[in-house]
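> Sharing a model that was predicted from the sequence below.
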Protein chains: 2
Amino acid sequence: MAFDFETLVPAGSPAPAVRWTGAPRFNFTGGNNDPAGVPVEGLKRAADAVLTREGRTLATYGLESGPQGYRPLREFLVGKLKRDAGMTCTADDILIVSGSLQALDLVNGALAARGDTIICERDCYEGTLNRYTRMGLNVVGIPTDGDGMLMDALETALADLKARGVRPKFVYTIPTVQNPTATILSMERRETLLALADQYGVPIFEDDCYADLIWSGERPPALHAMSKSANVIHIGSFSKSIAPALRVGFIVAPWQIMARMLALKTDAGSGALEQMVLAEYCVAHFATHVPQIRKNLQAKLDTLVESLGEQFGTAAEFDYPPGGIFLWVKLPDQVDTMKLYNAALAEGVAINPGPNWSADKAWSKSRMRLCFASPSHEDIRAGIKVLADVCSREFGVPVRSANKAR
Amino acid sequence: MAFDFETLVPAGSPAPAVRWTGAPRFNFTGGNNDPAGVPVEGLKRAADAVLTREGRTLATYGLESGPQGYRPLREFLVGKLKRDAGMTCTADDILIVSGSLQALDLVNGALAARGDTIICERDCYEGTLNRYTRMGLNVVGIPTDGDGMLMDALETALADLKARGVRPKFVYTIPTVQNPTATILSMERRETLLALADQYGVPIFEDDCYADLIWSGERPPALHAMSKSANVIHIGSFSKSIAPALRVGFIVAPWQIMARMLALKTDAGSGALEQMVLAEYCVAHFATHVPQIRKNLQAKLDTLVESLGEQFGTAAEFDYPPGGIFLWVKLPDQVDTMKLYNAALAEGVAINPGPNWSADKAWSKSRMRLCFASPSHEDIRAGIKVLADVCSREFGVPVRSANKAR
């Protein structure tokens, strides 16, 4: 008889995973990219060049760069962050990590413990919210509008917490192409946010994963660049600009808290081959590669917007995003997107239901996130049609599609 | 003024890291490999082939293989584990992880919580012991001899724990080239261990990271292969056979506990490029590559043994290891290897002091682990000479070196 492991699993463990049975036919979830956007030839040449030059260094944990990651990749980032985000830092201020999810774990682990409070945008990345839930943190969600987090609401929350004797561990924000709302925090609000952070003694945790993907190619400076008190921990990733299956992200932080995160990074370094190939590729090609993928992504967004107009009409409300890979859609109030998620998945269409992407479950009940980078233009059109069929059947909306009554 | 993060760090956090200042001149620590042993040309060809064929799949988290890792790598492992370790499993029983350190985290996290008890060999891998300490686990160390863990001592420990109402969460063991003792658990003891595990309802956590590196090329079957009750979680790595900076390891486990580990693996997959390149390389070359590196490793061991004989004479006691990358050395009782570590490091020689590699600090006080894979033959000789000089100066032993009184 097979041994029963279940009797040994600690109380409070997360639910067991279910078996993976393949990707859904129409996948509007996940930060996947456009397959055509992977610079395969460039990566091949980079792999060949860097392995020829430095392949033998793979015999050593951390190569010859130590625990903060492959130094040429950190040096590339120093220049890139200066050029694009206005940030001033050195390679010693950067820690290469296994995707920005490890960055979340390290920042969270260095600063927060069960019972602590953090602040974030009301609608927020699922991977972040799930981590807070699992860690037993209290999450205060701040509403947003088209210019990002509302500063009066943040100020009220900070004052309220202070009155109750609570010092939040940080304000987690995705200021530049927020996930899922795709908003960009205005310059004025950036200044206000930094002033409030100083006033209340609360650091800022800036997640900058999507900032490379602004259609115009112009972005505001990072909060890290604007801070006068070095109170910002900044993280980023190559998942959106190069390829998500390469698990390479980074943290920029002052040494005081970097030393705490390094103490928690007990993995003997992140994957070195991926770091080496990325550095070799990016030094030569990053600046020309990214504008190309932006163009392709915006074309897919346009197909999605057109399909939603055709299939959902006025039943789907959204702001046209200035960049990114997702659209945050409001459906009529009677739609429960958790139920829509299940019904649509049964028909082969995967969406992100709003409540999984928000600190406010009631507010987000009729909202959903649609990712548009990975499916083809054809699949976007076909998938949105199926989604509209399911939504109409389950919730009575949309009532018209493609100029015809349903 | 710079923001003070320190006031926000939770109580009980590990000590901050110190800045890395480069590798020591003579490095006898760490699981680093022989740089000459990295199959650079083969990895280059593998990268080119797999990127040409499947490079575009990097646009999707998990490639087309889902959360358990690149399927061709899992399929290679199915054959390799059958051939080498006698194990019967399918690709669905395997989870690819970011090095065996992540495997430790996932197995520990799925089964153990603060206050729980685990059993391991008395002398044990530092990365394992540190994790138990950090998790607040009670560690029961079982003595070993030349045939591995002593079964009468294990039985006594299990009976004693049972009498106190304690059910250990698992027996963690490195049965095949144990770290640091390099012992191989005999077949008879393997059978006894499995019988005791069944009798006491305690699963086995088998860490098989060094089993590829036995000089004779012949290894006993894995405990996983011998178990009749599917009570063994088996982990392994490519760090020792291919290259440690590639962070690729694996877990073989029944679905019941695999589902629990998958729920804890919230990293959106391990690095895909490393998995793809490894699979492509290993299918064609693993079986011929490993015997070559074994030969080079044994030659380095022989240089280390010769150097110790010359410099330490009878002051250094050890058993000649049947494989691996490290030697577990007993020095005279007056030597405190924690102090030797500091004194030697000041002279550019890094060793692993015994107490960091043992659950019994008194027993291991005069012991040290010396890794021989990474330094050159020349550096092994020169480094051991410096170590003997330091040891003689600090502790009065060895009294003779190279046939001369000191």
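In hand now; what should we look at?

> which bits of the stretch 201-350 of chain A sit near chain B?
Residues of the stretch 201-350 of chain A lying near chain B by Cβ under 8 Å from any Cβ of the partner chain: A:201, A:203, A:229-231, A:243-248, A:254-257, A:259-260, A:262-264, A:266-274, A:277. (Each C-beta comes from the backbone N, C-alpha and C, glycine too.)

> If we use 6 Å, what do you get?
Residues of the stretch 201-350 of chain A lying near chain B by Cβ under 6 Å from any Cβ of the partner chain: A:203, A:229-231, A:243-247, A:256-257, A:259-260, A:262-263, A:267-268, A:271-274.

> Show me those that map onto helices.
Within these, residues falling in helices by DSSP state H are A:256, A:257, A:259, A:260, A:262, A:263, A:272, A:273, A:274.

> Which among the residues of the stretch 201-350 of chain A next to chain B count as buried?
Among those, those classed as buried by 16 or more other Cβ atoms under 10 Å in any protein chain shown are A:203, A:230-231, A:243-247, A:257, A:259-260, A:262-263, A:267-268, A:271-274.

> hmm, back to that, what two of the ones in helices among the residues of the stretch 201-350 of chain A next to chain B are the furthest from one another?
Between any two of these, the greatest separation by Cβ to Cβ is 31.3 Å, found for A:256 and A:273.

> Surely residue A:328 forms part of a strand?
Yes. Assessed by DSSP: H, G, I helix; E, B strand; the rest coil, residue A:328 belongs to a strand.

> excluding its backbone neighbours, what's nearest it?
Ranked by Cβ to Cβ, 6 or more residues apart in numbering or on different chains and with sequence neighbours excluded, the top spatial neighbour of residue A:328 is residue A:180, at 4.4 Å.

> Can you give me the neighbour number for the one you found?
Neighbour count for residue A:180, taken as other Cβ atoms under 10 Å in any protein chain shown: 28.

> Ok, residue A:110 next?
27.

> if I pick residue A:380, what's in contact with it?
Contacts for residue A:380 (Cβ atoms under 6 Å, 6 or more residues apart in numbering or on different chains) come out as A:303, A:304, A:307.

> Distance of it relative to chain B?
Distance of residue A:380 to chain B, computed by Cβ to the nearest Cβ, to the nearest Å: 15 Å.

> which element is that residue on?
Using DSSP states H and E, residue A:380 sits within helix A:377-395.

> roughly how far is the following helix or strand past that helix from the heart of the chain?
Using DSSP H and E, the helix or strand that follows helix A:377-395 in sequence is strand A:400-401. From the chain centre to the centre of strand A:400-401 is a distance of 33 Å (Cα atoms, centre = their mean, to the nearest Å).

> Strand A:400-401 pairs with which strands, and in what direction?
According to DSSP bridges, strand A:400-401 forms sheet pairs with strand A:404-405 (antiparallel).

> Can you classify the closest residue to residue A:227 other than its chain neighbours as helix, strand or coil?
Excluding its sequence neighbours, the residue lying closest to residue A:227 (Cβ to Cβ, 6+ apart) is residue A:194, at 5.6 Å. Look at residue A:194: counting by three-state DSSP, its state is helix.

> Number of residues surrounding residue A:194?
Residue A:194 has 18 nearby residues by other Cβ under 10 Å.

> Need the pLDDT of it.
Listed pLDDT for residue A:194 reads 98.

> cool, and residue A:181?
As predicted, residue A:181 sits at a pLDDT of 98.

> you'd agree it is up against residue A:123?
Yes. Shown here, residue A:181 and residue A:123 form a contact pair, counting by Cβ atoms under 6 Å, at 5.4 Å.

> Comparing the two, which residue is more hemmed in?
Neighbour comparison, residue A:181 and residue A:123: the larger count goes to residue A:181, with 28 against 25 (by other Cβ under 10 Å).

> give me every residue that touches that one.
Taking Cβ under 6 Å, 6+ apart as the test, what residue A:181 contacts is A:123, A:144, A:328.

> hang on, it in a strand?
No. Going by three-state DSSP, the assignment for residue A:181 is coil, not a strand.

> Quick check: it vs chain B, distance?
Applying Cβ to the nearest Cβ, the value for residue A:181 to chain B is 21 Å.

> show me what contacts the closest residue to that residue other than its chain neighbours?
Nearest residue to residue A:181, sequence neighbours excluded (Cβ to Cβ, 6+ apart): residue A:328, at 5.0 Å. Residues counted as contacts of residue A:328 (Cβ under 6 Å, 6+ apart) are A:180, A:181, A:369.

> Contacts only, for the first one.
This means residue A:180. Residues in contact with residue A:180 (Cβ under 6 Å, 6+ apart) are A:123, A:326, A:328, A:357, A:369.

> picking up where we left off before, look up how far residue A:392 lies from the residue nearest to residue A:181.
According to Cβ to Cβ, to the nearest Å, residue A:328 stands 21 Å off from residue A:392.

> what do you get for residue A:113?
Going from residue A:113 to residue A:392 by Cβ to Cβ gives 47 Å.

> how many other residues sit next to the closest residue to residue A:145 other than its chain neighbours?
Using Cβ to Cβ, 6+ apart and skipping the chain neighbours, the partner closest in space to residue A:145 is residue A:183 (7.5 Å). As a burial measure, residue A:183 scores 25 neighbours (other Cβ under 10 Å).
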